[in-house]
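Undergrad: what would the 3D arrangement of this be:
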Amino acid sequence: MTKKEIVRDICQRANDEELIAKGNLTQLATKEIVQWTFEAIIATLVKEGRIELRNFGVFEVKQRKPRKARNPRTGARVDVEAKNVVTFQPGKTMEEKVRKFAKPVEPKKKTKKKSKTHDGKPHDGKQPHDGKPIVELNDATLIAKAKTNGTTTPQPEPVGVGATSETTGTVS
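TA: Predicted coordinates:
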């Protein structure tokens, strides 16, 4: 759900329950109220470091300690500085309602792509990859290249690339 959807729902509910005496609450006015609420939460966290909203939860600023990490691309050690982070502890009412009624969100499926090195062998992840594109050639590519060279016979396949022949179905 986005902030726009929250604003639309609140505006609709306020108008259905006739909270405004002389007219309708607009989505623009509702958006301002929602934004003010978010800004008040942020300002309180910056000033006081903690905000407790009864039946909703507690936002709190905590400091993460400095640590050593590794750059996954190069493998080099990196110093990560201490930093402030916001934590949230849900309130009892929220916890109970979520436990009973919430639909579980399906996690995004991450497909692990096995990269290959330039010699055609699978990349083991221990050695850093140099970032150059890996090109695989098959019979169709070789035939197309041969035709552009003016010949009709395919060039020999590079060593280490196990392409399947389309005519015989065998691996060369």
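Undergrad: per-domain residue ranges of this structure.
TA: Here the domain parsing of the chain from automatic domain parsing is 1-48, 58-105, 109-161.
Undergrad: can you flag the weakest of these by average pLDDT?
TA: Sorting these by mean pLDDT places domain 109-161 lowest, at a mean of 56.
Undergrad: list the buried ones in stretch 29-49?
TA: Burial within stretch 29-49, assessed by neighbour count using 16 or more other C-beta atoms under 10 Å, is assigned to 30-31, 34, 45. Any C-beta I mention is one placed from the backbone N, CA and C, and that applies to glycine too.
Undergrad: could you identify the most distant pair in those residues?
TA: The distance between the two most remote of those (C-beta to C-beta) is 23.2 Å, for 30 and 45.
Undergrad: just give me the longest helix of this protein.
TA: helix 27-48 (DSSP state H).
Undergrad: what helices or strands is the helix or strand following it leaning on?
TA: As assigned by DSSP states H and E, the chain's next helix or strand after helix 27-48 is strand 50-53. For strand 50-53, the elements it packs on are helix 27-48, strand 57-64, judged by 3 or more C-beta pairs under 8 Å, 6 or more residues apart in numbering; DSSP states H and E.
Undergrad: quick one: those as TSV, columns for distance to residue 12 too.
TA: What follows is the helices and strands packed on strand 50-53, written out as TSV (distance: least, C-beta to C-beta, whole Å):
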stretch	distance to residue 12
helix 27-48	9
strand 57-64	25
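Undergrad: just give the closest residue to residue 67, not the sequence neighbours.
TA: Leaving aside its sequence neighbours, residue 67 sits nearest to residue 80 (C-beta to C-beta, 6 or more residues apart in numbering; 5.2 Å).
Undergrad: then residue 92?
TA: residue 55 (7.3 Å).
Undergrad: follow-up on the earlier one: relative to residue 47, how far out is the residue nearest to residue 67?
TA: Using C-beta to C-beta, to the nearest Å, residue 80 is found at 26 Å from residue 47.
Undergrad: check residue 94 too.
TA: Between residue 94 and residue 47 the distance is 24 Å, computed by C-beta to C-beta.
Undergrad: then residue 59?
TA: For residue 59, the distance to residue 47 equals 13 Å [C-beta to C-beta].
Undergrad: what's the helix or strand residue 7 falls within packed up against?
TA: Per DSSP H and E, residue 7 falls inside helix 3-16. For helix 3-16, the elements it packs on are helix 27-48, judged by 3+ C-beta pairs under 8 Å, 6+ apart.
Undergrad: what's the span of stretch 68-76, first residue to last?
TA: 10 Å (C-alpha to C-alpha, to the nearest Å).
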